[in-house]
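>>> Starting from these lines, generate the structure:
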Amino acid sequence: MDRILHKLDLIFGQHSATRRLTIPLLLLGFISAVGYLVGYEITVSLFLLIPIALTTWYGSFRNSVIMCLLSTFTWYLVDIGSSAHSYNNPLAPYWNSIIRMGLFLITVQLLIQLKASLNTEKELSRTDELTGAMNGRGFTEVAEKIFELGARHIRPTSIAYIDLDNFKKVNDGFGHFEGDKVLQMVGDILLRSVRKSDVVGRLGGDEFSVILPETNEIGARSTFSKLKNDLSNAMKENNWPIGFSIGVVSYDMPPARLDEAIKTADELMYQVKRHGKNDILFKHYLTEKKSPSEFRRRINTLRST
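Predicted structure coming up:
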């Protein structure tokens, strides 16, 4: 079952909203045609729940209601279109249509609640409970997609690796409860200081990473300089002896592999550590100069992977 759902996600996730609506409509037409051909004695109309379910899961509530109405109407047409199927009570087809519409709407509501519950559970599994940032697993999943898209479409991307200096002193001197307060504040500042499109992750005990898609070196310098200033001020206000060693890498054309970018940012961070801590080191990777044919070949290779 998981494989089927995964394949459906891959198929529908690659299509536009129009295509995601077109496929259920084609299914609706096919099922209705089969129902009309086989007659009322062999019912296939319950299979109309399939296009309704697909529209609900991958579309909007409005489209789901429209699909329910269309399914109810086609079921009604199949019923009255069968010459061998007659009703003693002339109101029976209308009553049946109302019941079917109710069944369809209940199905839509249940699927909406199930999807919301699964999304909440998925979000919680990706989130670090203490800081509110993404945990290592969630960060990796999202960040890999960002770098893959950045490499495919040649979009600037920046990544920072942040390590808290002297964090162990806070834990040892003030206790782990105080250390947790430090981490919570750092996570809160990071999340408040970035855009919705940016990604903040807690990769270890006192290590964080931030990815800024569509951000070049100038934007990264501005963002992380201000961010470090905000973090440092918050530490001073609470009398915490915490500094921040930060390595920031900006790419004109990012590598498709996330681990390569993290490794580079991590190495920059450790250079800061070795040269006195509590500072930022920036590095900028220019797009390689290639002949037009070489450049097109690389782009085609990225787009085919």
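
>>> mind saving the C-alpha coords of stretch 253-264 as CSV?
What follows is stretch 253-264 as a C-alpha-only set of coordinates in CSV (Å, rounded to 0.1, in the frame of the first residue of the first chain):
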residue,chain,number,x,y,z
MET,A,253,25.5,27.3,-9.4
PRO,A,254,25.1,25.0,-6.4
PRO,A,255,26.2,21.4,-6.4
ALA,A,256,23.4,18.9,-6.8
ARG,A,257,24.6,17.0,-3.7
LEU,A,258,23.8,18.5,-0.3
ASP,A,259,26.6,16.7,1.5
GLU,A,260,29.2,18.5,-0.6
ALA,A,261,27.8,22.0,0.4
ILE,A,262,27.5,21.1,4.1
LYS,A,263,31.0,19.8,4.2
THR,A,264,32.4,23.0,2.7
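
>>> Tell me where the longest helix sits in this structure.
Determined from DSSP state H, the single longest helix within the chain is helix 92-126.

>>> mind checking how far that helix is from the chain centre?
Remark: helix 92-126 is offset 23 Å from the chain centroid, using CA atoms, centre = their mean, to the nearest Å.

>>> Alpha carbons of the helix or strand just after that helix, as CSV, please.
Sequence order places helix 136-153 as the next helix or strand after helix 92-126, per DSSP states H and E. Presented in CSV, the C-alpha positions along helix 136-153 are these (Å, rounded to 0.1, in the frame of the first residue of the first chain):
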residue,chain,number,x,y,z
GLY,A,136,18.5,16.3,10.9
ARG,A,137,16.2,14.1,8.9
GLY,A,138,13.7,16.8,8.0
PHE,A,139,16.4,19.3,7.1
THR,A,140,18.2,16.8,4.9
GLU,A,141,15.0,15.9,3.0
VAL,A,142,14.1,19.5,2.2
ALA,A,143,17.6,20.7,1.7
GLU,A,144,18.4,18.0,-0.8
LYS,A,145,15.5,19.1,-3.0
ILE,A,146,16.6,22.8,-2.8
PHE,A,147,20.1,22.0,-3.9
GLU,A,148,18.9,19.7,-6.6
LEU,A,149,16.5,22.3,-8.0
GLY,A,150,19.2,25.0,-7.6
ALA,A,151,21.7,22.9,-9.7
ARG,A,152,19.1,22.0,-12.3
HIS,A,153,17.9,25.6,-12.9
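
>>> neighbouring strands for the helix or strand that helix 136-153 is followed by, and are they parallel or not?
The helix or strand immediately downstream of helix 136-153 is strand 157-165, counting by DSSP H and E. According to DSSP bridges, strand 157-165 forms sheet pairs with strand 207-213 (antiparallel), strand 243-251 (antiparallel).

>>> Name the residues of the shortest one that are buried.
Which is strand 207-213. The neighbour-count check on strand 207-213 (16 or more other CB atoms under 10 Å) flags 207-213 as buried. (C-beta placed from N, C-alpha, C; glycine too.)

>>> Looking at those, point me to the pair that's furthest apart.
Pairwise distances across the buried residues of strand 207-213 peak at 20.8 Å for 207 and 213 (criterion: CB to CB).

>>> before we move on, what SS does the residue of the chain positioned farthest from its centre have?
What lies farthest from the middle of the chain is residue 88; by CA atoms, centre = their mean that is 53.9 Å. Here residue 88 is coil, with the state taken from DSSP: H, G, I helix; E, B strand; the rest coil.

>>> Tell me where the model's unsure across the chain.
1-19, 39-41, 81-87, 122-125, 287-305 (pLDDT under 70).

>>> Residues touching stretch 49-61, excluding its own?
Residues outside stretch 49-61 that contact it (CB atoms under 8 Å, 6 or more residues apart in numbering) are 8, 12, 17, 20-21, 23-25, 27-28, 31, 63-64, 67-68, 71, 104, 107-108, 111-112, 115.

>>> hmm, back to that, who does the longest helix of the chain touch, helix- and strand-wise?
Packed against helix 92-126 by the contact rule (3 or more CB pairs under 8 Å, 6 or more residues apart in numbering; DSSP states H and E) you find helix 49-58, helix 61-81, helix 136-153.
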